[in-house]
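Enquirer: Dropping a prediction and its sequence here:
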There are 2 protein chains.
Amino acid sequence: MPPSPVPDEPLSTRQRILQAAAAQFARRGFHGTSTRDIAAEVGIRQPSLFHHFTTKQAMLAELLDRDLQPALERIRRHRGANPAVRLYAYLVEDVAALVASPFDVRGLYNDAVLEDPSLIEQRRAREALHAEMRSLVTDGIAAGEFRACDPEVARQMMTGMLLDTIWAAGVPADLDVGGRAKEVADFVLRGLLSDRGHVALVEREAMALATRPGRG
Amino acid sequence: MPPSPVPDEPLSTRQRILQAAAAQFARRGFHGTSTRDIAAEVGIRQPSLFHHFTTKQAMLAELLDRDLQPALERIRRHRGANPAVRLYAYLVEDVAALVASPFDVRGLYNDAVLEDPSLIEQRRAREALHAEMRSLVTDGIAAGEFRACDPEVARQMMTGMLLDTIWAAGVPADLDVGGRAKEVADFVLRGLLSDRGHVALVEREAMALATRPGRG
DNA sequence: GTCTATAGATCGATAGAC
DNA sequence: GTCTATCGATCTATAGAC
């Protein structure tokens, strides 16, 4: 468990703006959300937002950063392990992080907002994450663990699953995080592994990795 | 093969509007696309759009209908076959249809535009499609063909894969449709089947179904 | 740090000529 | 069936008082 902040400490206005923005982006998309919508949810007037963020896109940029940077750290964490185990551990950790996040990331990648020049840094981070995912698949195929398949196709399917899996999850309360995470990871592994008998073995090793403290 | 229209016949303005709208929705999302953007791509002025469609949402409604109705027919087509074969056949046919479609369907389900009251019919059609997908999974589990899993989770993963698979496909020219379709279907089947040895058998039967003429 | 007031741009859609 | 002209609403962001 990460050292979470004191739970009873009141959230800063800046933090509440980010949460409101993420929730609205998830519901209506970036362009479908107005700054008035966000301000109303926070409980302040629309121009007050611009004391905390220079533009509406700056809100999105920070939300993207707070999602992408930890994801990059997660996928790069277990460099030593073999590809199947690393992939399984990443998927479990990613689903868990997505569900546990105070921000609703589901709307961040929907519109093609990342094409905007002001978000070039975030677009590069996302491409780096995709490259890591492809690399994991490629390594697995080279190692004989995965069957031959197009790494980019596999990456797209994983991305789609990760985002869509939490799409309807909605209320975190009714969600068995661990169960959901392992279900996704199992599904992917079964789709990729060349030897199905290894599913149980990979899962055991990956869970040992995934539950390990930090990135040290 | 369906009786396709004469290829050289010039497209109606209405059809060109739909194609332009779909392309723009895919790039920028529904709310991120202005009617002026669409008109510019068609080569007419913005108010001229409203001779062909009463509202911007009516364009989206027709695009949704043209995607959802055939999909519903596809998934209901092979009622007699066993669940694994039906699922495989549906996935192959769906990917093929998505890629072959003159409309770019990728932006239609991104924003939560379906929540709009004027699109309630389309929302119901989409829910019916999701129910059919869940039903296929449930039937497969009951028949012992699929391992135990949450049908809604499986449905979400399939939806994510189907949409995301064609997301980056982009230019249809550089795409091996049949290969892509079978890759998605294989991935899903491997993720679901309780007995992996059946993958090849299911694929053979499903391809026989999928290439069969019509829905009779 | 939040407010009121408002600028300045863009949006979807209508009116009416041709 | 497409055009020009334009309405009224809504949008992001700024100015400046408190």
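Expert: Ah, there it is. Numbering: from 1, shown residues only, chains lettered A, B, ... in the order given.

Enquirer: which parts of chain A sit against chain B?
Expert: Residues of chain A lying near chain B by CB under 8 Å from any CB of the partner chain: A:26-32, A:110-113, A:115, A:149-150, A:152-154, A:156-157, A:159-165, A:167-168, A:180, A:183-184, A:186-188, A:190-192, A:196. For the C-beta atoms, the positions are set from N, CA and C on the backbone; glycine is no exception.

Enquirer: Write out the residues of chain A neighbouring DNA strand D.
Expert: A:Thr33, A:Ser34, A:Thr35, A:Arg36, A:Asp37, A:Gln46, A:Pro47, A:Phe50, A:Thr54, A:Thr55, A:Lys56, A:Gln57 (CB under 7 Å from any atom of the strand).

Enquirer: Find the centremost residue of chain A, please.
Expert: Geometric centre of chain A, nearest residue: A:Leu98, 5.1 Å, by CA atoms, centre = their mean.

Enquirer: and that residue, that's in a helix?
Expert: Yes - residue state for A:Leu98 (DSSP: H, G, I helix; E, B strand; the rest coil) corresponds to a helix.

Enquirer: hang on, it packs against A:Val105?
Expert: Yes - A:Leu98 is within contact range of A:Val105, at 6.3 Å (criterion: CB atoms under 8 Å).

Enquirer: pLDDT (mean, whole number) over the longest helix seen in chain A?
Expert: Secondary structure of chain A per DSSP state H: the longest helix is helix A:120-142. What helix A:120-142 shows for mean pLDDT is 96.

Enquirer: Pull out the buried positions in it.
Expert: A:122-123, A:125-126, A:129-130, A:132-134, A:136-137, A:139-141 (16 or more other CB atoms under 10 Å in any protein chain shown).

Enquirer: Does A:Val153 touch B:Arg180 like I think?
Expert: Yes - using CB under 8 Å, A:Val153 makes contact with B:Arg180 at a distance of 6.9 Å.

Enquirer: Any of the residues of chain A next to chain B buried? List them.
Expert: Buried, going by 16+ other CB under 10 Å: A:26-32, A:110-113, A:149, A:153-154, A:156-157, A:159-165, A:180, A:183-184, A:186-188, A:190-192, out of the residues of chain A next to chain B.

Enquirer: show me where chain A has helices.
Expert: Under DSSP H, chain A gives helices at A:13-28, A:35-42, A:56-75, A:83-100, A:120-142, A:151-165, A:177-192, A:198-210.

Enquirer: Quick check: which of those is nearest to DNA strand C?
Expert: helix A:13-28 (4.1 Å; CB to the nearest atom of the strand).

Enquirer: quick check, that closest one touching DNA strand C?
Expert: Yes - Helix A:13-28 is in contact with DNA strand C by CB under 7 Å from any atom of the strand, via A:Thr13.

Enquirer: orientation of that helix relative to helix A:56-75 in degrees?
Expert: Helix A:13-28 and helix A:56-75 are oriented at 90 degrees to each other (axes from the mean of the first three to the mean of the last three CA atoms, to 10 degrees).

Enquirer: can you list the residues that contact helix A:13-28?
Expert: A:11, A:33, A:37-38, A:41-42, A:44, A:49, A:52-53, A:59-60, A:62-63, A:66, A:102-108, A:110, B:31, B:111-112, B:115 (CB atoms under 8 Å, 6 or more residues apart in numbering or on different chains).

Enquirer: same question, stretch A:76-91
Expert: So stretch A:76-91 is contacted by A:74-75, A:132, A:136-137, A:139-140, A:143, A:145-146, A:158, A:162, A:181, A:184-185, A:188-189, A:192-193, A:198, A:202-203, A:205-207, A:209-210, A:215 (CB under 8 Å, 6+ apart).

Enquirer: change it to 7 Å
Expert: A:74-75, A:132, A:136, A:139-140, A:143, A:145, A:184-185, A:188-189, A:193, A:198, A:202-203, A:205-206, A:209-210, A:215 (CB atoms under 7 Å, 6 or more residues apart in numbering or on different chains).

Enquirer: Stretch A:30-48 now?
Expert: With CB under 7 Å, 6+ apart, stretch A:30-48 has contacts from A:13, A:16-17, A:20-21, A:24-25, A:49, A:56, A:60, A:107, A:111, A:113, B:29, B:31-32, B:111.
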